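Q: from the sequence below, what's the structure:
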Amino acid sequence: MLRRFSINYAVFSMLVDLLLVGGCLRLAVLIRPAMNRWSFIEPLRTPVYLPSILYIIFPIVSVAILAAFAIYDGRKLLRITNELAALSIAILIASISLAGILYFSFREVSRALFAIFLAMAYFSLLGWRGLARLSIRLRQDRADTSRRVVVVGAGPLGQKVRQQILASQGNKLQLVGFIDDGEHLEGSIPDLLGGFKQIRRAVTEANITDVVIALPYSAYHVMADIVARLEDAPVRVWVALGFFDLTIYQTAMEDFAGIPMFDLRAPALNEVQRLVKRAFDLVLGFIAVVFSLPFMLVAALAILIEDGRPVLFLQQRAGENGRLFKVVKLRTMVKNAEQLRYLVEHKDENGNLLHKSKDDPRVTKVGRVLRRTSIDELPQFFNVLQGTMSLVGPRPELPYLVEQYQPWQRKRFSVQPGITGWWQVNDRGNSTMHLHTEDDLYYIAHYSIWLDILILIRTAWVVLIGKGSY
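A: Sure thing, here's the model as predicted:
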């Protein structure tokens, strides 16, 4: 039985894609003669001839490009929406590549044939994946695949793991209890199964399948002993990293004096990535300015009529490496909005400063429309062309908020801030400064140009439905 995250499933997926692409190409050849009756398509002789080598080139090139987009790595595309977006982008690139191959080799191939091939290939590759997901979900629902979990460490990190397990009902995770040596925990943790030395017995008696180590940094010295006690136990051992999570660093494996080590201060983006990202920003930024200029002019006129000058709002923000710059936006608030900041600022129960309100009294009528449609953000494309911002990146932060950052949060300044980012498309407007930093660090740790493209596509959808914009 194939498991979705297994190497066998990846190989199976490649074989299915190879057969489907080849089959769609052959089917397009058979269908093409029937299209001769359409007046807008040039009639061809029948039967339609297609060079045999293309039946090899098309599937191989297509699967190679899909592999480059990590389509066969199921753990990177857990959500069906992410898989759909990545697959669509990959097939678009594959289409351009295949069209280029035909242009430089077999120009006589019918364009109508190529178009119908692309349509069939796209929907077939998408369709079989949808059916596979449905089949796996139904199979999991029928089978008893529950996993029994014990968490080593009942502190804040362990409690966070507990909350995540309770919230992830679809994964059929069952939290059995905690393992911890803290004497003060007796009675306060009802599902405490014992101390570190009793972990082997607890795992055996409770039929545990997964052990999650969620210890604070100060207790990591006992990890080796815990792992050693579970050496011959049929369980999977996971480590939940908290404050010292390696994902807040850009890590690289290097050979140091013959010893493999992690470099925790490797550059967030290498030179090639920076070059590609900058070229990407310049090309799309210039196109965006051209197409958005009419909207900016109309919005500027509306602001001028309602509240007079200025129509632009220049605000100091913290950029790459903490350098300050002026971000350009269309003004959506009253002229003295900065002096009225106290009207919306407040602190949550943990003492974290909240500076954004859905019912901000400083926002003008025109401003609410501009914010709802995100038109007020359009002038930031000039920041992109100037080089102080990128299309995609961490949110440019206010300097007075940066002063309250904890040291680990400052890692977000290792790349240029962006007009949109991972936080905006996942939890736009619903997270505060102290929460969305983790999303920015996730973006930095997993950066690729394809991730930028995915975020831009999802941004278009978020803006369209107006989620979180106020």
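
Q: residue 237 and residue 151, how far apart?
A: 12 Å (Cβ to Cβ, to the nearest Å). From N, CA and C alone the C-beta is placed, and that goes for glycine too.

Q: ditto for residue 103
A: Distance of residue 103 to residue 151, computed by Cβ to Cβ: 58 Å.

Q: quick one, what contacts the nearest residue to residue 116 once chain neighbours are set aside?
A: With sequence-adjacent residues excluded and distances taken as Cβ to Cβ, 6 or more residues apart in numbering, residue 116 is closest to residue 28, at 4.9 Å. Neighbour list for residue 28: 113-114, 116-117, 120 [criterion: Cβ atoms under 8 Å, 6 or more residues apart in numbering].

Q: so where does residue 28 fall, helix or strand?
A: For residue 28, the host element (DSSP states H and E) is helix 7-31.

Q: ok, now residue 121?
A: Here residue 121 is assigned to helix 111-142, by DSSP H and E.

Q: put the buried members of the contacts of residue 28 into a ChimeraX selection.
A: Here is the ChimeraX command that selects the buried residues among the contacts of residue 28 (16 or more other Cβ atoms under 10 Å):
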select :113,114,116,117,120
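
Q: let me have the contacts of residue 28 in CSV, adding distance to residue 269 and pLDDT as columns.
A: Shown next, in CSV, are the contacts of residue 28 (distance: Cβ to Cβ, whole Å; pLDDT from 0 to 100):
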residue, distance to residue 269, pLDDT
113, 42, 87
114, 37, 90
116, 41, 91
117, 37, 93
120, 39, 95
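
Q: nearest to residue 63, of the contacts of residue 28?
A: residue 117 (15.2 Å; Cβ to Cβ).

Q: distance-wise, check the closest one relative to residue 175.
A: As judged by Cβ to Cβ, residue 117 and residue 175 stand 50 Å apart.

Q: what sits closest to the spatially most central residue of the chain if chain neighbours are left out?
A: The residue lying closest to the centre of the chain (Cα atoms, centre = their mean) is residue 422, at 5.8 Å. Nearest residue to residue 422 in three dimensions, chain neighbours excluded: residue 443, at 4.0 Å (Cβ to Cβ, 6+ apart).

Q: what strand or helix carries the one you found?
A: Short version, using DSSP H and E: residue 443 is in helix 433-445.

Q: where do the helices of the stretch 101-250 of the chain begin and end?
A: Along the stretch 101-250 of the chain, counting by DSSP state H, counting those that start in this stretch, helices occupy 111-142, 156-167, 199-205, 223-229.

Q: show me what the second one is packed up against.
A: In terms of contacts (3 or more Cβ pairs under 8 Å, 6 or more residues apart in numbering; DSSP states H and E), helix 156-167 is packed against strand 147-152, strand 173-179.

Q: just name the most buried of those.
A: strand 147-152 (a mean of 22; mean count of other Cβ atoms under 10 Å).

Q: hey, which helix is longest across this structure?
A: helix 271-307 (DSSP state H).

Q: please name every helix or strand in contact with it.
A: By 3+ Cβ pairs under 8 Å, 6+ apart, helix 271-307 packs against strand 324-330, helix 365-373, helix 380-386, strand 390-392, helix 449-465.

Q: what does the last one rub up against?
A: So the one you mean is helix 449-465. Taking Cβ under 8 Å, 6+ apart as the rule, helix 449-465 contacts 69-70, 82, 85-86, 89, 273, 276-277, 280, 284, 373-374, 391-392, 420-422, 424-425, 428, 443, 468-469.

Q: of the residues you listed, buried ones?
A: For the contacts of helix 449-465, buried by 16+ other Cβ under 10 Å: 69, 85-86, 89, 277, 280, 284, 373-374, 391-392, 420-422, 424-425, 428, 443, 469.

Q: now the element after the longest helix of the chain, going C-ward?
A: Following helix 271-307 in sequence, per DSSP H and E, is strand 312-318.

Q: list of residues touching that following strand?
A: With contacts defined as Cβ under 8 Å, 6+ apart, strand 312-318 is touched by 300, 324-333, 379, 396-399, 402, 413, 417.

Q: between helix 271-307 and that strand, find me the angle.
A: Counting by axes from the mean of the first three to the mean of the last three Cα atoms, to 10 degrees, strand 312-318 points 140 degrees away from the direction of helix 271-307.
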